[in-house]
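[1] predicted model, plus sequence, below.
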Amino acid sequence: MPLEKAPLLYARAVPLSLERHRDSYVSPVPDFDFTARVNSLFLARSELAVATREFPVVFTLDPDGQVSLAVVLGLRADENLFVDAAGQWLAEYKPAYLRRYPFILARPSERDSDYTVCIDEAYPGLNRSGEGQRLVTEEGKRSPLLAQAIDFLQKFQTEAELTGEFCRFVHQQALLDSVQANISLSTGQKLSLSGMHCVTENRLQALAPEILRDMLMNGYLDSIYRHMHSLANFDSLMKRLEQRVSIEKNRTEASEHD
């Protein structure tokens, strides 16, 4: 039975069963077309050192007051600027949220307290025709592929919990300001991107010296500065958008002349 609340990118995630998936195989993810309509993704704090070389990283605040780290992939709704028309990933780094697909560690329902290993049964690479690697051995045990996936999921979950602690600390110290990006394209089109929160230098400088010292010792200060420096990547994101808009314009003009 699918999860009550579908996680982002997972169309039909179900608890993985050694019996239900005994004859199932999984082939490698061929492309990232399934991410084409996603303009941000969860990012673990441990990924900041690499991810901030290419992506803007911001904080998000959900209606329940939960703060998360997110990597920004696009400036328009339902658009990922790091995936091309062929589904190829255009950045050097792939966030761990993507690398675990089609597996995920999730609670089957809000009533459950424990996490369960799940798989997206909508993934085309999940098959019974022998393509890829088995999920379950002929003896009914975890295959090497499944064991490796579970190990990755457990490490990802640990990092996600540590990221949650970091985000709660940042929020509790009142370091975040709501930010709205107002964008003007060369075509004259204007866009507005909201829902982002960022740490500001003024709020950081207002902290007590002992708090700053603790943040330096536990690595939080380094993570915050990586986040702040990553905001410069909005410039390269703008260039990607301008290139895409130009391609769209050329295609429209070409079709009008056909």
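    Structure's in. What do you need?

[2] so what's the most centrally placed residue in the chain closest to, chain neighbours aside?
    Centrality entry for the chain: nearest residue to the mean C-alpha point is residue 41, 2.5 Å, by CA atoms, centre = their mean. Leaving aside its chain neighbours, residue 41 sits nearest to residue 97 (4.9 Å; criterion: CB to CB, 6 or more residues apart in numbering). (Glycine included, C-beta is placed from N, CA and C.)

[3] thinking again about what came up before, what separates the residue nearest to the centre of the chain from residue 7, distance-wise?
    11 Å (CB to CB, to the nearest Å).

[4] check residue 101 too.
    10 Å.

[5] so where is the stretch 101-250 of the chain shaky, pLDDT-wise?
    Residues of the stretch 101-250 of the chain meeting the criterion pLDDT under 70: 109, 112.

[6] that one: strands as residue ranges?
    Per DSSP state E, counting those that start in this stretch, the stretch 101-250 of the chain carries strands over the ranges 103-106, 116-120, 126-127, 133-134, 176-184, 190-199.

[7] redo those as TSV? Include distance to residue 227 and mean neighbour count.
    Shown next, in TSV, are these (distance: least, CB to CB, whole Å; neighbours: other CB atoms under 10 Å):
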stretch	distance to residue 227	mean neighbour count
strand 103-106	25	22
strand 116-120	30	21
strand 126-127	36	16
strand 133-134	37	16
strand 176-184	10	13
strand 190-199	6	15
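
[8] a markdown table for those strands, including distance to residue 146?
    As requested, these are exported to a markdown table (distance: least, CB to CB, whole Å):
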| stretch | distance to residue 146 |
| --- | --- |
| strand 103-106 | 8 |
| strand 116-120 | 8 |
| strand 126-127 | 12 |
| strand 133-134 | 8 |
| strand 176-184 | 39 |
| strand 190-199 | 36 |
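
[9] out of the ones you listed, flag the one nearest residue 219.
    strand 190-199 (14.7 Å; CB to CB).

[10] any idea how far residue 124 is from residue 180?
    Applying CB to CB to residue 180 and residue 124 gives a distance of 38 Å.

[11] look up how far residue 222 lies from residue 210.
    With CB to CB as the criterion, residue 210 and residue 222 are 18 Å apart.

[12] just residue 19 next, same as before
    47 Å.

[13] what of residue 157?
    Taking CB to CB, one finds residue 157 at 23 Å from residue 222.

[14] the two - which one has more neighbours?
    residue 157 (16 against 13; other CB atoms under 10 Å).

[15] quick one: contacts for the nearest residue in space to the more buried one that is not next to it in sequence?
    Distance criterion CB to CB, 6+ apart; nearest residue to residue 157, sequence neighbours excluded, is residue 105 at 5.2 Å. Residues near residue 105 by CB atoms under 8 Å, 6 or more residues apart in numbering: 115, 116, 117, 118, 153, 154, 156, 157.

[16] about what we covered before: who wins for proximity to residue 85 among the strands of the stretch 101-250 of the chain?
    Nearest of those (CB to CB): strand 190-199, 21.0 Å.

[17] so the residue nearest to the centre of the chain sits in a helix?
    No: assessed with DSSP: H, G, I helix; E, B strand; the rest coil, residue 41 is strand; it does not lie in a helix.
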